[in-house]
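> Here is my input, please return the structure:
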Amino acid sequence: SAQQAIGRANTAVLELDSVVDSRSEDIDVLQAGSTVLLADRGSSRLDVVDDATSRVVDTAPLPAGAEVMLAGSRAAILVPATGQLWLVPVAGLSAFDAASAPTLILGADAVASMGDDGTLLVYSAATGTLSRIQADTDDTVRETVDVGPVGAPAEEEADGLADPAAALAGETVRAGDA
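Down below sits the predicted model:
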């Protein structure tokens, strides 16, 4: 089977000086400062990669179909089909159990976007709600806006373009507009 890899480019000597292999070709690499995560959806696992040695130092199983976002020192693990969300410290990922109760359940057919400031926006097509969570520090929904259906689920995307929040799918809905 095909697989992908991530590498570290050493720009001082213009070479790729390390490589970390994945187990599948369906991967995302997330980085914030020295925190590097390799989300391997094909293998349903999340690896913590040491940015200095390019070695996997921790691994956690992911629920099937999960998307992973990085919020400061925490991983936000969302299962879009169910709206289940786990907020897990990166330092404690080895203890994460995909069968454990989620931190929040935000509604099925969910799409999400993480802002650079740790603000997580999740839109659920099933409930028609947009939820705002300060995922880097908090385990609660700070704001929920009933926006109703915004478009076909395949077209929907939550995006942190507006303050306090917006959902995009051919139109913009701001939290104060509802």
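
> hey, what's Trp86 bridged with?
Here Trp86 shows beta-bridge partners Ile77, assigned using DSSP bridges.

> isn't it right next to Ser100, touching?
Yes. Look at Trp86 against Ser100 with C-beta atoms under 8 Å: they come within range, at 7.4 Å. All C-beta spots, glycine's among them, are computed from the backbone N, C-alpha and C.

> Leaving out sequence neighbours, find the closest residue to Leu106.
Nearest non-adjacent residue to Leu106, counting by C-beta to C-beta, 6 or more residues apart in numbering: Gly83, 4.3 Å away.

> Just to be sure, Ser94 is in a helix?
Yes. Checked against DSSP: H, G, I helix; E, B strand; the rest coil, Ser94 lies within a helix.

> all numbers from here: first residue = 408
I'll keep to 408 as the first residue from here, and by that count the last item is Ser501.

> ok, how many other residues are close to the residue nearest to it when sequence neighbours are not counted?
Leaving aside its sequence neighbours, Ser501 sits nearest to Asp465 (C-beta to C-beta, 6+ apart; 4.9 Å). By other C-beta atoms under 10 Å, 17 other residues sit near Asp465.

> okay, Trp493 and Ser507: which has more neighbours?
Between Trp493 and Ser507, counted using other C-beta under 10 Å, Trp493 has the larger neighbour count: 24 against 11.

> residues in contact with that one?
Applying C-beta atoms under 8 Å, 6 or more residues apart in numbering, we find Trp493 in contact with 482-484, 503, 507, 509-510.

> Filter these down to just the buried residues.
Those of these that meet the buried threshold are 482-484, 503, 509-510, by 16 or more other C-beta atoms under 10 Å.

> Is Ala515 part of a helix or strand, or is it coil?
Put simply, Ala515 is coil when judged by three-state DSSP.

> excluding its backbone neighbours, what's nearest it?
Ala533 (3.9 Å).

> Leu444 contacts Met476, doesn't it?
No. Contact criterion C-beta under 8 Å: Leu444 and Met476 do not qualify, at 9.4 Å.

> Now the common contact residues for these two.
Common contacts of Leu444 and Met476 (C-beta under 8 Å, 6+ apart): 437, 482.

> Now do the contacts for Asp516.
Counting by C-beta under 8 Å, 6+ apart, Asp516 touches 487-488, 490, 531-533, 560.

> Give me the subset of the residues you listed lying in strands.
Secondary structure from DSSP state E places Ser531 of these in strands.

> What subset of the contacts of Asp516 is buried?
For those, a neighbour count by 16+ other C-beta under 10 Å gives the buried set as 487, 490, 531-532, 560.

> Pull up the per-residue confidence for Ala572.
Note for Ala572: predicted pLDDT of 43.
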